[in-house]
Each structure stands twice: as C-alpha cells, then as structure tokens.
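J.: Quick one: sequence plus predicted model below, questions after.
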Amino acid sequence: METVDILRDLAIILLFAKCLGILARKFKAPQVVGQILAGLLVGPCVLGWISQNDFITQMAEVGVIILMFSVGLESDLKELLRTGPVAFLIACFGVLIPLIAGVLVYMGFYGAAPWGSENFYRAVFIGTIMTATSVSITVASLQELGKIKSRVGTTIVSAAIIDDVIGIIVLTFVVGFKNPDSNPGMVVVKTLAFFAVAIVGGFLVYKIFFTLDKRYPHTRRIPIVSVAFCFGLAYIAERYFGIADITGAYIAGVVLCSLSDNEYIESKVDVSSYMFFGPIFFASIGLKTSFESIDGRMIAFSVCFVIVALLAKVVGCGLTARACRYSAADSLKIGVGMMTRGEVALIVAQKGLAAGLLTADYFTAVILLILVSSILTPIILKLLYTRDEKG
C-alpha cells in the first residue's frame, strides 16, 4: 500500500470519527459509539472507501495499548488491591458461564457432540470465544462519564484484566486438546512468572521513576520515558510470557499511578490517544465488519450467539458481584461493563482458525458480537449512571 493512500485513509478516518463522535454526543451517547459507526460507514460494509490493512491494524493496536496505559495511570492502587479478590471471583464466573453457554448454543444448532469429536472441539471453542472480554470500550465510556476511579470502574477493569489471563489459559487448554504438541501447563507457569516479574520489576522501575520525577518534575522527558516503559512491558508480556500486550500496558500504568506527576503524564499521553490513536482503534472495529458471506442459518446462529454471549457475561459477572455484596445497581453496571468484546475475541477466533477448530464462516458471528457489544455497552452504561444520578 502506498504512503499517499495511507494518508488518505487517515484523513477520512479521523474526520468521520470526529464528526460522528460529536453527533453521538448530541444524542446523549458516548463518542466511542460514533467512532465505531464511522468505521462501519467508510468501511467495506457501507461506502467501501477504506478496507482494513496492516497499517490501520497496527495503529489500532498501538491505540488500545495507549488507552490501557492511561487506565493504569488513572487507577487507585489501594482501591485496586482492595477489589482484587472480588474481581478475581467475578472474572472466574465471567469465563465459566459464557463457556458453558457457548457450548450449549452450538449444540443447539448443530446437535449434541460426543466427547473428543470434531463437533465437540468446535462447540468448546465457540464457548471459548464467548469468554473473551474487551475492556477498552468500557474504559473509554467510564472515562467519559468520570467513573473510571470509582469502585465499580476499578472492579470492571481489574476483572477484565484477570478475565483475559484466564481466557488465554482456557484457549491454550482447548487448543491443547486438539494439538498434542502444545503444553497447557507451561502457559500457567508463564502467566505466574509474568506477574512475579511484573511485581518485582515494577517496584524497581517505580523507584527509578520516583527519583526522576523528584529531580525533573513536570518535564516532558518523564512522559516520554513512561510511554517507552509502557511499550516495553507490553512487548515483554506478549513476546516472552504469552500474555496479551494490553495487560502489560495496563500494569505499566498501575506501576506509575502513585507518582506525584501521574496526572501530568496522563495529560500528555491523552493528547495522542484522543487525537489520533483512539479514533483509529475504535473505527477499526467498524472496518472489520462485512456481511457478504451470510446465509439464513448463519444469521440465526449469529443472532443467537450475540444474545447469549451478552447475557452470559451480565449474568455471570453481575450475579457474582451481587453475591459479593455489591448493590443491585452496581452489580448490573459490572455485568454490563464486562459484556464488551473486541480485539481479544478476534485473536481467539484467529487462533481457532489456525488450529482447525473454526471455519471462516463463524467470523461473521464474532464480528457481529464485537459490533453490537461495542455499541450497546456504552449506551447502557450511560443510561444506568444517568438513572442513578436522577434517582
């Protein structure tokens, strides 16, 4: 792809994302909804002006990494530690319920599958796709509502991060059933090793930043080195431990959240995220959508898949939060906040395609789930918070 075409695509994405973002805000919806619809409008599904390419994919990946780094910077470490055990429990049931629900949905359409058969592996993998949570859209909505530092916001972010880790372990076990060469036990070891390294290394890095921040307060070198640390930890997480890069970016933000200059760092990071990388990431979700290869049966399966996937997260996470003594209103917010799917669901689906556990036809259902959940979640969250404020 020529550079001049990239410049054209960027101009279209940024312009439409901003215009539709403003329009969404006029209708009392979060701006991210307009940005997703902008990608849908200019993408192959409607106007066909832009198609997904490697450059946009990579820029979108950078966008979600920076977004998760900002979330980490905004975190309250004491609140994070306080909600940790509850978030872990919420994440566990947020994986278990959708996994079972996905298996039942597939078997409902294609019949019961004996243990070890091809259909059984496919049914389990459909459930595995349902387990994925993408917190980035929920995070953007909570930031816009000013609720990211609340108890509910912290619980959602913590549970989603843990959810991704559990989802990776589940994915490896499922692929391991199909591929004898994989080692599911090693994934568990690598996951534990990463968090051990992150805790020890994070403490040392914090001390270094604390010294730099004390010597050079409110200087641009601090945000620059911070972003470098974010990208470095994201790379280490993905490359050496098999953990999602967004998890590494989030932890990098948590490491630095207690610095006296964390708000200054966040303000500098937000400029690039708000103006450039964020709109590209959210628009890329719409760009991935295409409805060319849909038949009647796949439409029925996709609709059922989407409905069950959304409800399974709300039920699994919401009821667990309620059992952990959250109020009914807050439990519903947690369940709704956890129902978004995004890049993690696509990554899981692609892994299944490579392992022969899935065919390309099912990508329609996955993309539809991402699109519907990405649009509905911010709207429902805003309605829930607005209702509470009025009440």
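T.: That came through, no problem. Everything numeric here is computed off the predicted structure, so don't read it as measured data. Numbers count the residues shown, from 1 in each chain.

J.: can you pull out the helices in the stretch 251-391 of the chain?
T.: Residue ranges of the helices in the stretch 251-391 of the chain, as given by DSSP state H, counting those that start in this stretch, are 262-272, 278-287, 296-323, 328-337, 343-355, 363-390.

J.: helices or strands next to the third one in the packing?
T.: By that I understand helix 296-323. helix 77-110, helix 118-131, helix 328-337, helix 363-390 (3 or more CB pairs under 8 Å, 6 or more residues apart in numbering; DSSP states H and E). Just so you know, the C-beta spots here come from the backbone N, C-alpha and C atoms, and that holds for glycine as well.

J.: So what angle separates the directions of that helix and helix 328-337?
T.: If you take axes from the mean of the first three to the mean of the last three CA atoms, to 10 degrees, helix 296-323 sits at 140 degrees to helix 328-337.

J.: how big is the angle separating helix 296-323 from helix 118-131?
T.: Going by the same axes, to 10 degrees, helix 296-323 makes 50 degrees with helix 118-131.

J.: Now helix 296-323: buried residues?
T.: 298, 301-302, 305-306, 308-318, 320-322 (16 or more other CB atoms under 10 Å).

J.: can you check the first one too?
T.: Along helix 262-272, the positions that meet the burial threshold by neighbour count (16+ other CB under 10 Å) are 262, 264, 265, 266, 268, 269, 270.

J.: How far away from the center of its chain is it?
T.: Computed by CA atoms, centre = their mean, to the nearest Å, the chain-centroid distance of helix 262-272 equals 21 Å.

J.: outside of that helix, which residues touch it?
T.: For helix 262-272, the external contacting residues (CB atoms under 8 Å, 6 or more residues apart in numbering) are 66, 69-70, 73-74, 218, 220, 222-223, 226-227, 256, 259.

J.: Sort out which of those are buried, if you could.
T.: Looks like these have 66, 69, 70, 73, 74, 222, 223, 226, 227, 256, 259 buried, using 16+ other CB under 10 Å.

J.: Least confident of the residues you listed?
T.: Among the buried ones among the contacts of helix 262-272, residue 74 carries the lowest pLDDT, at 76.

J.: remind me which residues of the stretch 101-250 of the chain are low pLDDT?
T.: For the stretch 101-250 of the chain, residues meeting the criterion pLDDT under 70 lie at 116, 172, 175-184.

J.: So what touches stretch 27-36?
T.: 17, 19-25, 137, 140-141, 144-145, 278-279, 282-283, 285-286, 371, 374-375, 378-379, 381-382.

J.: Of the buried ones among the contacts of helix 262-272, which is the nearest to residue 50?
T.: Nearest to residue 50, judged by CB to CB, of the buried ones among the contacts of helix 262-272 is residue 66 at 21.6 Å.

J.: Which single one of the buried ones among the contacts of helix 262-272 is nearest to residue 336?
T.: Distances from residue 336 to the buried ones among the contacts of helix 262-272, taken by CB to CB, are shortest for residue 74, at 20.2 Å.

J.: mind checking the backbone torsions on the residue nearest to that closest one when sequence neighbours are not counted?
T.: The spatial neighbour of residue 74 that comes closest, neighbours along the chain excluded (CB to CB, 6 or more residues apart in numbering), is residue 148 at 5.3 Å. Dihedral pair for residue 148: phi -70, psi -30, per degrees, to the nearest 10.

J.: Which of the contacts of helix 262-272 fall within helices?
T.: The helices, defined by DSSP state H, take in 66, 69, 70, 73, 74, 222, 223, 226, 227, 256 from those.

J.: Please report the distance of the first one from residue 353.
T.: Okay, so that is residue 66. With distances taken as CB to CB, to the nearest Å, residue 66 is found 28 Å from residue 353.

J.: ditto for the last one
T.: For residue 256, the distance to residue 353 (CB to CB) stands at 37 Å.

J.: same deal with the fifth one?
T.: Summarising the geometry, the distance separating residue 74 from residue 353, computed by CB to CB, is 36 Å.

J.: again, but for the third one
T.: Distance from residue 70 to residue 353, counting by CB to CB: 32 Å.

J.: tally of neighbours for residue 147?
T.: 18 (other CB atoms under 10 Å).

J.: about what we covered before: could you tell me the least trusted of the helices of the stretch 251-391 of the chain?
T.: Across those, the lowest-scoring stretch is helix 343-355, with a mean of 71.
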